[in-house]
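Novice: Return atomic coordinates for the entry below.
(2 chains)
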Amino acid sequence: MLLGLLFGWVIRPVEYIDTAPEALREDFRSDYVLMVAEAYVVDSDLELARYKLASLGSHPPLNYVIDAIDFGVENGFNQIDLQTLNLLAVDLRSIPPAPEIGLQ
Amino acid sequence: MSRLGNFTLIFGLLLGFAAGLFYSWTINPVEYIDSSPDSLRDDFKSDYLTLIASAYVATGDVERARARLAWVQITDPASTLGRLAQNRLAAGRPEAEARALAQLAAMLGERPSPLIATPTPHGAATTTPLPPSPTFTPTTTPSPTPSPTATASAPFSLTAKDEICDPALHETQIQILVLDAAGHGVPGVEAFVVWDTGQSTFFTGLKPELGPGFADFTMQEGVTYSLQLIQGNGLETGISSKTCTDGDGEPFAGSWLFTYQQSTSP
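Specialist: Predicted coordinates:
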């Protein structure tokens, strides 16, 4: 069984070659969010920005932007990048949350 | 050891190996949660490239766009982006996407540079950091403006209309060449063609190997077209293929090249 585990985990593990953006490593994911924010600064299309951020997973888009800001602060993003991210975060925060199903 | 004992031992080993494989491939496979952009599925990769282009157009940051493209590890980025722009345009995606891709493709075509990325361990669940830190160089000023874009307010005017008799062209085309006031090709300029039964748009810069300001449209023989640049100030009508003759005196359908240039003042 150990041989099988060695073969399956080390020698020939399952290959994931068709991944989704939600599987991106944190630095790439943060840069993805930054790209969305950079485009948003110019086109001001919040719906489009939310659509792009939705590729990162099922969490609210704002969460990804906040994560990217945290990552940027920890990793020395320059001020312009942080401001760009913050602008998107502020605008996303201004959207009223969707009502939860089942609430009266 | 008896033959039965050998058989039991081998059987036990094989069973254990199979159980190990089943566990490691199915029940608890290696998880790749820290992937890089080069491992994205094709459709996500197309979205990623489009996002790079949109961010490039928004910021004008050439070096950052190059770094991001390097992470995707595509061969011949300029051509790939040009094809992607055409595909997305054909698929009915927003024209802004195609225009952004065209501008990025044109920038890469103008100033080719090695886009060979530092190889990322392909699909490896690596713990070795490959931070995109080169992208985030501390700067306090925006990066230089990239190649000329069609954002200037001055319109483009037709400066030349030339018949193209090139037997190497296997189709009849309306070709356009759009130049700025300094004579440099301008990518991302939209042209509009209309004929009796339809209309279409096409953009400069989608074939960066032919120059950032170049674009073409395939004509059908016997159909007459009208051409207008969206940022132009004139309409060309009555465009149809003309008959040319090759070196052997054989007739073939010729094409047209329309050259537009931006006036020096708005």
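Novice: CA only for contacts and neighbour counts going forward, please
Specialist: OK.
Novice: Show the pLDDT at residue B:135.
Specialist: With respect to pLDDT, residue B:135 scores 43.
Novice: now the strands: where do they sit in chain B?
Specialist: In order along the chain, chain B carries the following strands (DSSP state E): B:156-164, B:173-179, B:190-195, B:198-203, B:214-218, B:225-229, B:235-239, B:243-245, B:251-253, B:255-262.
Novice: out of those, deepest packed?
Specialist: A comparison of those by mean neighbour count, using mean count of other CA atoms under 10 Å in any protein chain shown, puts strand B:173-179 on top with a mean of 24.
Novice: Please write out the alpha-carbon positions of it in CSV.
Specialist: Taking Å, rounded to 0.1, in the frame of the first residue of the first chain, the C-alpha atoms of strand B:173-179 are listed here in CSV:
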residue,chain,number,x,y,z
GLN,B,173,-9.8,42.6,-49.2
ILE,B,174,-10.5,46.0,-48.0
GLN,B,175,-7.3,46.9,-46.2
ILE,B,176,-6.9,49.9,-44.0
LEU,B,177,-3.8,51.5,-42.6
VAL,B,178,-4.5,54.0,-39.8
LEU,B,179,-1.7,56.4,-38.8
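Novice: circling back to that earlier point, rank the strands of chain B by pLDDT, which is bottom?
Specialist: Ranked by mean pLDDT, those end with strand B:198-203 at the bottom, a mean of 81.
Novice: Isn't residue B:56 up against residue B:66?
Specialist: No. Residue B:56 lies out of contact with residue B:66 (CA atoms under 8 Å); the separation is 9.4 Å.
Novice: Give me the more crowded residue out of those two.
Specialist: For the pair residue B:56 and residue B:66, the greater number of neighbours falls to residue B:56 (25 against 21), based on other CA atoms under 10 Å in any protein chain shown.
Novice: Tell me which residues touch the more buried one, please.
Specialist: Contact criterion CA atoms under 8 Å, 6 or more residues apart in numbering or on different chains gives B:62, B:64-65, B:100, B:104 as the residues in contact with residue B:56.
Novice: buried stuff in stretch B:72-79?
Specialist: By neighbour count, and taking 16 or more other CA atoms under 10 Å in any protein chain shown as the criterion, the buried residues in stretch B:72-79 are B:72-74, B:77-79.
Novice: for chain B, what are the nearby residues on chain A?
Specialist: For chain A, the residues in contact with chain B under the definition CA under 8 Å from any CA of the partner chain are A:1-5, A:7-9, A:13-21, A:23-28, A:31, A:35-36, A:38-39, A:41-42, A:76-80.
Novice: Mind giving me the PyMOL select for those, buried ones only?
Specialist: Below is the selection syntax for PyMOL that covers the buried ones among these, with 16+ other CA under 10 Å defining burial:
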select buried, chain A and resi 1+3+4+5+7+8+9+13+14+16+18+19+20+21+23+24+25+26+27+28+31+35+36+38+39+41+77
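Novice: Just the residues of chain A next to chain B: which are in helices?
Specialist: When the residues of chain A next to chain B are checked against helices (DSSP state H), the matches are A:2-5, A:26-28, A:31, A:35-36, A:38-39, A:41-42, A:79-80.
Novice: and which of those residues is nearest residue B:39?
Specialist: Nearest to residue B:39 among those, counting by CA to CA, is residue A:28 at 11.9 Å.
Novice: Report pLDDT for that closest one.
Specialist: Among the per-residue scores, residue A:28 holds a pLDDT of 94.
Novice: following the helix or strand harbouring residue A:33, which helix or strand comes up?
Specialist: When secondary structure is defined by DSSP states H and E, residue A:33 falls within helix A:26-43. The element immediately downstream of helix A:26-43 (helix or strand, assigned by DSSP H and E) is helix A:46-54.
Novice: circling back to that earlier point, for the buried residues of stretch B:72-79, work out which two are farthest apart.
Specialist: Of all pairs drawn from these, the widest gap by CA to CA lies between B:72 and B:79 and measures 14.4 Å.
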